[in-house]
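# heads up, no residue letters with this:
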Ligand SMILES: NC(=O)c1ccc[n+]([C@@H]2O[C@H](COP(=O)([O-])OP(=O)(O)OC[C@H]3O[C@@H](n4cnc5c(N)ncnc54)[C@H](O)[C@@H]3O)[C@@H](O)[C@H]2O)c1
Ligand SMILES: O=C(O)[C@H](O)CO
């Protein structure tokens, strides 16, 4: 008998067909209040879960006594209670590396858009306000030859460092759980304390996973330690930043601007003060959102799922000690 899998995200047909070769699939394009009870009913004899964003915790796992594997279609897995999963012998997998280059492109885009005030000026042009020579008050700041501080020099951080070093001649500082030799030797990055990084960087880019240790890693004190001329970029998770502190830092002019791909909560609340600040560039969590990369992530997640359900070790099994490397 084929194992039963619940796919709870809209997924490319090829990926779905691949999963169907070895599994019986119950497919929800997305989960909402309308199909919640149907989902819970299907969970009772499901062997695999395939999707993104859903909080997999004790309450949910209590409803899934047959579960063998959770295949998260994302590299970040802060939505998974790893302790509960491991207590029950349930495997969890993610999709590292296949998205590094695309997320790094998004981050460089945010850096440039924020520094050169592109969304603000785009609005200005389209609104018919371009009727004379550009005045100095609209000028941005340079990106090239500046200092970029990367907090979290993992797969994505290293891909950002590559772009910043070769494409923009930037000096790179980084803070990480451990030294990253590729970043140091190939992209000239210098390891330093968080405080040094914040004091010296023109751009501070946050790229750590969300863990108990990184929650609100950027708070009042950290923003105060940044240069007044510096730009803050976050493409990790909304909760790694104390949003109130960020809002205050921007209002008080403690930092120049911010470029944000992630918020807490998501979707961002419509009355979030960040949305009315001209020096804040916002994106709707699009780090990996290209056709090619989302396909590659889904296919990798499908491989993880199928291998795990066969009883083998999936290529991207999450080990609970990963977050402490
Ligand atoms: N915006 C998006 O669409 C998007 C896309 C992909 C990933 N992400 C986020 O980015 C995160 C990083 O992804 P990755 O693939 O580079 O992961 P990774 O595991 O390769 O790298 C994370 C790095 O952060 C470091 N780190 C962990 N805790 C730290 C701490 N307290 N201080 C300093 N460094 C710390 C680790 O040492 C590691 O090198 C993901 O967990 C996810 O939350 C967001
Ligand atoms: O962690 C990830 O892979 C991205 O945030 C997409 O959800």
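Thanks, I have the structure now. Being a predicted model, the structure only gives us computed values, none of them experimental. Numbering: from 1, shown residues only. Ligands and ions are numbered 1, 2, ... in the order given.

# contacts, neighbours, all on C-alpha from now
Fine.

# Up against ligand 1, what does the stretch 151-300 of the chain have?
By the rule Cα under 6 Å from any ligand atom, the part of the stretch 151-300 of the chain lying against ligand 1 is 151-157, 175-178, 207-210, 213-214, 235-237, 261-262, 285-288.

# Near residue 88, how many other residues are there?
Neighbour count for residue 88, taken as other Cα atoms under 10 Å: 13.

# Show the pLDDT at it.
Per-residue confidence at residue 88 stands at 97 (pLDDT).

# Kindly provide the distance from it to ligand 1.
23 Å (Cα to the nearest ligand atom, to the nearest Å).

# For that residue, give me phi and psi.
Torsion angles at residue 88 (phi, psi; degrees, to the nearest 10) stand at phi -100, psi 0.

# Do you know the pLDDT at residue 308?
With respect to pLDDT, residue 308 scores 98.

# ok, it - contacts?
Contacts for residue 308 (Cα atoms under 8 Å, 6 or more residues apart in numbering) come out as 68-69, 91, 314.

# Make CSV from these and add neighbour count and distance to ligand 1 to it.
Converted to CSV, the contacts of residue 308 look like this (neighbours: other Cα atoms under 10 Å; distance: Cα to the nearest ligand atom, whole Å):
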residue, neighbour count, distance to ligand 1
68, 22, 23
69, 26, 19
91, 23, 18
314, 22, 17
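
# Return the closest of these with respect to residue 141.
Nearest to residue 141 among these, counting by Cα to Cα, is residue 314 at 45.9 Å.

# would you list every one of the strands in the stretch 101-250 of the chain?
Along the stretch 101-250 of the chain, counting by DSSP state E, counting those that start in this stretch, strands occupy 147-151, 171-175, 190-191, 203-206, 231-234.

# Can you tell me which of those strands is nearest to ligand 2?
Nearest to ligand 2 among these is strand 231-234; the distance by Cα to the nearest ligand atom comes to 11.5 Å.

# Residues contacting that closest one, please?
Contacts to strand 231-234, defined as Cα under 8 Å, 6+ apart, come from residues 107, 110-111, 114-115, 202-207, 255-262.

# Repeat that for stretch 261-268.
234-239, 243, 282-287.

# for stretch 37-57, same thing?
Applying Cα under 8 Å, 6+ apart, the external contacts of stretch 37-57 come out as 3-9, 26, 31, 63-74, 79-81, 84, 301-302, 305, 309.

# Apply 7 Å and report the result again.
3-9, 63-74, 79-81, 84 (Cα atoms under 7 Å, 6 or more residues apart in numbering).

# And the residues you listed, which of them are buried?
Listed as buried from those are 3-9, 63-64, 66-74, 80-81, 84; burial here means 16 or more other Cα atoms under 10 Å.

# and the gap between residue 163 and residue 198?
Noted for residue 163: a distance of 20 Å to residue 198, by Cα to Cα, to the nearest Å.

# more crowded one of these two?
Set residue 163 next to residue 198 and count neighbours by other Cα under 10 Å: residue 198 wins out with 27 against 17.
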